[in-house]
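**Q** Predicted coordinates and the sequence they were generated for:
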Amino acid sequence: MSMHAAAVPREPLVSVIIPAYNSAAYIAETIGSVLNQTFDDLELIVVDDGSTDGTPAVVTACGPRVGLIPQANAGVCAARNRGIREAAGRYLCLLDHDDYWFPDKLQRQVTAMREHPDCGVIYSPYIPWTPDAAGRFPTPDCFDLAAYGDGIEAACSGWIYHQFLLDCCMLTSTSMFRREVFERCGGFDETLPYSEDWDLWLRISRDFTFVKLTRPDTLYRQHPQQGNRVVRTHDYRTLLLRRAMRTWGLCGPDGQCLPRGKFLGRLADYQAAYALGQLRAGRRGPGLAALTRAWATWPRKIKLLAYLAAALVGWRPR
């Protein structure tokens, strides 16, 4: 009588995690862009964050290759973290429910991971995906990617903490992470309603290097419901960057430093943008206070004083 050992499930090389909340309008196209990848050693996990619009039915209709994890509504950070915990892959990708990957995205990034074994993150540029006047998005095959070349953008690769002090220069949907990045740095801060990605990238950039490819691999869908178009009650970007400066300073682990004046100038820009958003929304008090802070942060920006003077006599930006 022969004995056969139970088959051990093979772990995928790549796990793709899509957090979803009321995503029925777009998520089938997003899932299709993953299932149509030229690289197929992957698992696809959709974490449904308590949708009420039929999103789970749309996901289920995409077939057995798509894993669905339902949870009570807890926010995008909790959904991403749940997917990260459940994922089995060596490399992890996070894809927003309305974005789209070109077919060789995963293959190109897996190749780059193998060519750069010391880096923690591979990422790429994106192309804004903008609808026409009728609300129709152009088909993905109409974008010409050959014009971008196929290499590494050295200026945005390596130890880039100092660059993250200026801008959130990596889009979540374009990135691929080694699993140990999350094991060492933790996941998304579930207490943050905004800039949660930027907060995590700053933490990761203290411990790992990044590699940026030159060719875009993601279409970043633009529509009015996007989180970065919402007027916030708190200036989360400024709070985040001030905390980073207090915690780690202006120099990266490799000694590259951001000049203090450049940091404060950018901080003032963010404060001013927040202030103008408040004024545009009719919140005059918070807008005036934020403009005052922006000018105090970097008094050399004369336009901030002009904005403040105009706002004091009733000016309201369109």
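**A** Yes, it's here.

**Q** which strands and helices sit next to the longest helix anywhere in the chain?
**A** When the chain is parsed with DSSP state H, its longest helix is helix 260-280. Secondary-structure packing of helix 260-280 (3 or more CB pairs under 8 Å, 6 or more residues apart in numbering; DSSP states H and E): helix 236-248, helix 284-297, helix 302-312. From N, CA and C alone the C-beta is placed, and that goes for glycine too.

**Q** List the contacts of that helix.
**A** 165-167, 231-232, 235, 237-238, 241-242, 245, 250, 284, 286-291, 293-295, 297-298, 300-301, 304, 307, 311, 315-318 (CB atoms under 8 Å, 6 or more residues apart in numbering).

**Q** rewinding a little: mean neighbour count, the helices and strands packed on helix 260-280: which tops it?
**A** Mean neighbours per residue, mean count of other CB atoms under 10 Å, is largest over the helices and strands packed on helix 260-280 for helix 284-297, with a mean of 19.

**Q** and that one, how far out from the chain's middle?
**A** 28 Å (CA atoms, centre = their mean, to the nearest Å).

**Q** In three-state terms, how would the closest residue to residue 12 other than its chain neighbours be classified?
**A** Distances taken as CB to CB, 6 or more residues apart in numbering put residue 43 closest to residue 12, at 4.4 Å, once the chain neighbours are dropped. At residue 43 the chain is in strand, as set by DSSP: H, G, I helix; E, B strand; the rest coil.

**Q** Do you know the pLDDT at residue 43?
**A** Per-residue pLDDT puts residue 43 at 98.

**Q** which residues sit in contact with it?
**A** 12, 14, 15, 16, 67, 87, 88, 89 are the contacts of residue 43 under CB under 8 Å, 6+ apart.

**Q** Kindly recompute the last result at 10 Å.
**A** If you count contacts by CB atoms under 10 Å, 6 or more residues apart in numbering, residue 43 has them with 11-17, 65-67, 86-89.

**Q** how far away is it from residue 77?
**A** Remark: distance between residue 43 and residue 77 (CB to CB, to the nearest Å) = 21 Å.

**Q** One more: residue 102?
**A** 27 Å.

**Q** what's the answer for residue 63, then?
**A** 28 Å.
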